[in-house]
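Build me a model from this:
(2 chains, ligands or ions: 1)
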Amino acid sequence: MADYSLIIIGGGLSGLAAGIRFARFGGSVLILEKHAIPGGLNSYYFRKGFLLETGLHAMTNFAEPGDKRAPLNRLFRQLKFSRHDFITHEQFSSLIHFPAGNTLRFSNDFSLLQEEIASRFPAEIDGFNSLLAVVNGYDPFTPKAWISTRVMLARFLHDPLLIDMILLPLMVYGNSEEHDMDFPQFVIMFRSIYQEGFFRPDGTMKDFLALLVDKFTSYGGEIRYNSQVQSIGITDQQASHVKLAGGEAISCDAVISTVGAPGTFAMLSLNPQEEKYAGRMTFVESIYILPRQAKKEVKSDHTIIFYCLSDQLQYCQPVKPVDTSWGVICFPENFQGLPTSENFQIRITHAANYDLWKKASPLEYTAMKQEWGAKSREMSAKIIGNYEQNIVYEDSFTPITIERYTAKARGAVYGSPVKIKDGRTPCSNVFIAGTDQGFLGIVGSMLSGVSIVNQHILTEN
Amino acid sequence: MTRGEIKDVILEIIADIDEDADMDGLNPDEPLRDQLDLDSMDFLDIVMELRKRYKLQIPEADYPELATLTSCINYLEPKLKAL
Ligand SMILES: Cc1cc2nc3c(=O)[nH]c(=O)nc-3n(C[C@H](O)[C@H](O)[C@H](O)COP(=O)(O)OP(=O)(O)OC[C@H]3O[C@@H](n4cnc5c(N)ncnc54)[C@H](O)[C@@H]3O)c2cc1C
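Next up is the predicted model:
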């Protein structure tokens, strides 16, 4: 008998959700996580007494308890968490900010976005409502050939500015492709951001992760940290064990890998096919901490600002290390009902070029961080006003940080532009969940872990 | 198990799966999914829970047998008779 029925590689959100799902019905399962703490892309660290969250701007897919069909509540049922016990804080409102005073506000009340479009783009509101009808009736989950979102949108909307404005939040929070996106992914993101909306859980990501790990271990699941998987061992064309970096082999009946397609293929001694599966969208992010009194000096009434200061949105890998012409400005304290704290944060995200960061020497790397940090502050100050003078602590991360801490090939946050939607690999008992399976973001990656266990592990035993 | 006991087990499993399930006024001959607004993922939970509790293997081809409360009881009665 194998040591475990299931081994999950990676203790990020998809791996934890998959683990809970399988352990819940008594399956023996081990999660192997290379780092000392869980969370992967969405984790936390301590610096100078501050707890900093690595990934969280906001969770998407807000739904009130009781709305049974909502993805968030389905996820909670699948993981056997009480949605009524889970305290959420909804966003204030968010802003899409483009040149020449073109702005759109949206909140968790979808009608705000409709009203904004009707008043600022009156010629487009009928088209937008027709698009909405298509989105509402669409099934984005049945696999089909790739469909261009830009072609679809052009059927309903005529103003390229409005198209870019609608696309910016959906792309930056969940598109692994450049320039365009697969229409089903557009539908998923449209629902999760505009129709459902942003919130954050009560407490920090550290608390949220502890909740998941506690649930997992309460069902008898085991998790080992500092345990990097080196390879997946094959016997008679089936995975029979995984081998850790230290040489230890652990046997199992099936494997779910959440480390992405290239990494998983490499573990199977297959060609990692980086050209095909390594994504090009990666980001830099700066985190600034400022004293609460400084808040009145910045324009900070929104939760998240998605800005683009050039005429056309260039959602692609930039030719320079960082593209500050567009980005995201997030105020993590701007959620309803949060306790007031001594400080507040500003988080700013831009698209970045992996190769340019990768080839920099340590000295150049430090200089690049400073140079682009300054450019980013200058650009964002045009939207929220000057804040540099009040910064008490700052930190930033680059594509290289993302690659180092999560093993995402080329630091591509949203993974491969080509998704493996059924989770299958050339090896019949090895499956892919998480980012490269196709559901993105915090709620998405958890749903991915759950659905891969449902489809391939629970029903095929 | 008697039919009445099987019914109680199923209702208990559903209540356990879905904290918002409204069991009052459940029509035993109407599909559970529609009445309780459950989806296929929830349905899998019923199957898995039966497997966990009674070591019952329910093949996917038989899932339609679990559509209504009455059809569930009919299907499970011979399988749980000995318990
Ligand atoms: C800056 C930033 C901001 C974000 N903001 C948001 C947001 O506001 N809202 C939102 O919904 N989403 C956000 N996301 C996206 C979200 O974090 C991810 O989509 C999600 O966490 C992905 O989860 P995952 O489990 O698929 O992958 P990962 O989190 O990458 O998990 C993979 C895990 O595998 C481990 N691992 C890798 N290799 C090995 C190995 N060989 N052996 C063992 N373990 C290994 C890694 O350490 C990691 O823990 C953000 C991401 C970033 C980077």
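
The least confident helix or strand in chain A by mean pLDDT packs against which elements?
Least confident helix or strand of chain A, by mean pLDDT, DSSP states H and E, is helix A:274-277 with a mean of 85. When contacts are defined as 3 or more Cβ pairs under 8 Å, 6 or more residues apart in numbering or on different chains; DSSP states H and E, helix A:274-277 packs onto helix A:261-267. (Glycine included, C-beta is placed from N, CA and C.)

mean confidence score for the helix it packs on?
The average pLDDT for helix A:261-267 rounds to 94.

helices or strands up against that helix?
If contacts are counted by 3+ Cβ pairs under 8 Å, 6+ apart, helix A:261-267 sits against strand A:229-235, strand A:249-257, helix A:274-277, strand A:430-432.

how about a cut-off of 6 Å?
Packing partners of helix A:261-267 (3 or more Cβ pairs under 6 Å, 6 or more residues apart in numbering or on different chains; DSSP states H and E): helix A:274-277.

what residues does the helix it packs on touch?
A:261-262, A:416, A:418 (Cβ atoms under 6 Å, 6 or more residues apart in numbering or on different chains).

Just checking, which helix or strand succeeds that helix along the chain?
Proceeding N to C from helix A:274-277, the next assigned helix or strand is strand A:282-291, under DSSP states H and E.

quick one: is stretch A:39-50 near the ligand?
Yes. Against the ligand, stretch A:39-50 shows contacts by Cβ under 6 Å from any ligand atom at A:40-42.

and what of stretch A:60-77?
Yes. Applying Cβ under 6 Å from any ligand atom, one finds stretch A:60-77 in contact with the ligand at residue A:60.

Name the residue closest to the centre of chain B, please.
The centre of chain B sits closest to residue B:10, judged by Cα atoms, centre = their mean, with a distance of 4.4 Å.

pretty sure that residue contacts residue B:74?
No. In this structure, residue B:10 is not within contact of residue B:74 by Cβ atoms under 6 Å, at 11.8 Å.

Near the residue of the stretch 301-450 of chain A found nearest the ligand, how many residues? Count them for me, please.
Proximity of the stretch 301-450 of chain A to the ligand (Cβ to the nearest ligand atom) peaks at residue A:434, 2.6 Å away. Residues near residue A:434, counting by other Cβ atoms under 10 Å in any protein chain shown, number 32.

same thing with residue A:349?
Residue A:349 has 22 neighbours, counted by other Cβ under 10 Å.

what about the host helix or strand of it, distance to the chain center?
If you go by DSSP H and E, residue A:349 is part of strand A:343-352. The chain centre lies 15 Å from the centre of strand A:343-352; the measure is Cα atoms, centre = their mean, to the nearest Å.

Check stretch A:187-207 too.
In terms of Cα atoms, centre = their mean, the centre of stretch A:187-207 is found 10 Å from the chain centre.

If we go by neighbour counts, what in that stretch is buried?
A:187-201, A:205-206 (16 or more other Cβ atoms under 10 Å in any protein chain shown).

thinking again about what came up before, you'd agree the residue of the stretch 301-450 of chain A closest to the ligand is in a strand?
No. Using DSSP: H, G, I helix; E, B strand; the rest coil, the assignment for residue A:434 is coil, not a strand.

For it, which non-adjacent residue is spatially closest?
With Cβ to Cβ, 6 or more residues apart in numbering or on different chains as the criterion, residue A:434 has its nearest non-adjacent residue at 3.2 Å, and that residue is residue A:14.

I'd say the one you found and residue A:433 touch.
Yes. With contact defined as Cβ under 6 Å, residue A:14 counts as touching residue A:433 (4.8 Å).

Tell me which residue of the stretch 301-450 of chain A lies closest to chain B.
Nearest residue of the stretch 301-450 of chain A to chain B (Cβ to the nearest Cβ) works out as residue A:450 at 7.5 Å.

mind checking pLDDT for that residue?
At residue A:450, the model reports a pLDDT of 97.

Repeat that for residue A:460.
On the pLDDT scale, residue A:460 is placed at 66.

Likewise for residue A:143?
If you check residue A:143, the pLDDT there is 84.

One more: residue B:70?
pLDDT, residue B:70: 96.

Ok, the one 5 residues further on next?
Among the per-residue scores, residue B:75 shows a pLDDT of 96.

out of everything not next to it in sequence, what's closest to it?
Leaving out its chain neighbours, the residue that sits closest to residue B:75 by Cβ to Cβ, 6+ apart is residue B:65, at 4.0 Å.

same check, this time on residue A:458
Nearest residue to residue A:458, sequence neighbours excluded (Cβ to Cβ, 6+ apart): residue B:48, at 6.0 Å.

Next: residue A:176.
Per Cβ to Cβ, 6+ apart, closest to residue A:176 is residue A:414, 3.7 Å.

if we can go back for a sec, packing partners for the strand holding residue A:349?
Strand A:343-352 is packed against strand A:282-291, strand A:322-330, with contacts defined by 3+ Cβ pairs under 6 Å, 6+ apart.

hang on, the earlier thing: of the residues of stretch A:39-50 next to the ligand, keep whichever come out buried.
Buried, going by 16+ other Cβ under 10 Å: A:40-42, out of those.

Could I get those in TSV, plus columns for pLDDT?
Formatted as TSV, these follow (pLDDT from 0 to 100):
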residue	pLDDT
A:40	93
A:41	91
A:42	91
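
out of the residues you listed, who's nearest residue A:155?
Proximity of those to residue A:155 (Cβ to Cβ) peaks at residue A:41, which lies at 34.6 Å.

quick one: contacts for that closest one?
Listed by Cβ under 6 Å, 6+ apart, the contact set of residue A:41 reads A:55, A:406.

hmm, 10 Å instead?
By Cβ atoms under 10 Å, 6 or more residues apart in numbering or on different chains, the residues touching residue A:41 are A:12-14, A:54-56, A:402, A:405-406, A:408, A:413-414, A:434-435, A:441-442, A:445.

Which members of these are positioned in helices?
A:13-14, A:402, A:405-406, A:441-442, A:445 (DSSP state H).

Would you mind giving the secondary structure of residue B:61?
With three-state DSSP as the basis, residue B:61 sits in helix.

Just give me the neighbour total for it.
The tally of other residues near residue B:61 (other Cβ under 10 Å) stands at 7.

could you dump the buried ones among the residues of stretch A:39-50 next to the ligand to TSV with secondary structure?
Shown next, in TSV, are these (three-state DSSP):
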residue	secondary structure
A:40	coil
A:41	coil
A:42	coil
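
List just the nearest of these to the ligand.
The shortest approach to the ligand among those belongs to residue A:40, at 2.2 Å (Cβ to the nearest ligand atom).

Report whether the expected contact of the closest one with residue A:9 is present.
No. Assessed by Cβ atoms under 10 Å, residue A:40 is found out of contact with residue A:9, at 11.2 Å.

Next up, phi/psi of residue A:123, please.
phi -70, psi -10 (degrees, to the nearest 10).

The closest residue in space to residue A:415 that isn't next to it in sequence: what's it in contact with?
Leaving aside its sequence neighbours, residue A:415 sits nearest to residue A:435 (Cβ to Cβ, 6+ apart; 3.7 Å). Residue A:435 makes contact with A:10, A:12-14, A:40-41, A:176, A:258-261, A:279, A:406, A:408, A:412-416, A:419, A:441, A:444-445, A:448 under the criterion Cβ under 10 Å, 6+ apart.

In a helix, residue B:11, correct?
Yes. Counting by three-state DSSP, residue B:11 is found in a helix.

Chain neighbours aside, what residue packs nearest to it?
residue B:23 (5.7 Å).

Same check on residue A:89?
residue A:335 (3.8 Å).

ok, now residue A:235?
Nearest to residue A:235 is residue A:241, by Cβ to Cβ, 6+ apart, at 8.0 Å.

looking at this, the one you found is in a helix?
No. Residue A:241 is assigned strand when assessed by three-state DSSP, not a helix.
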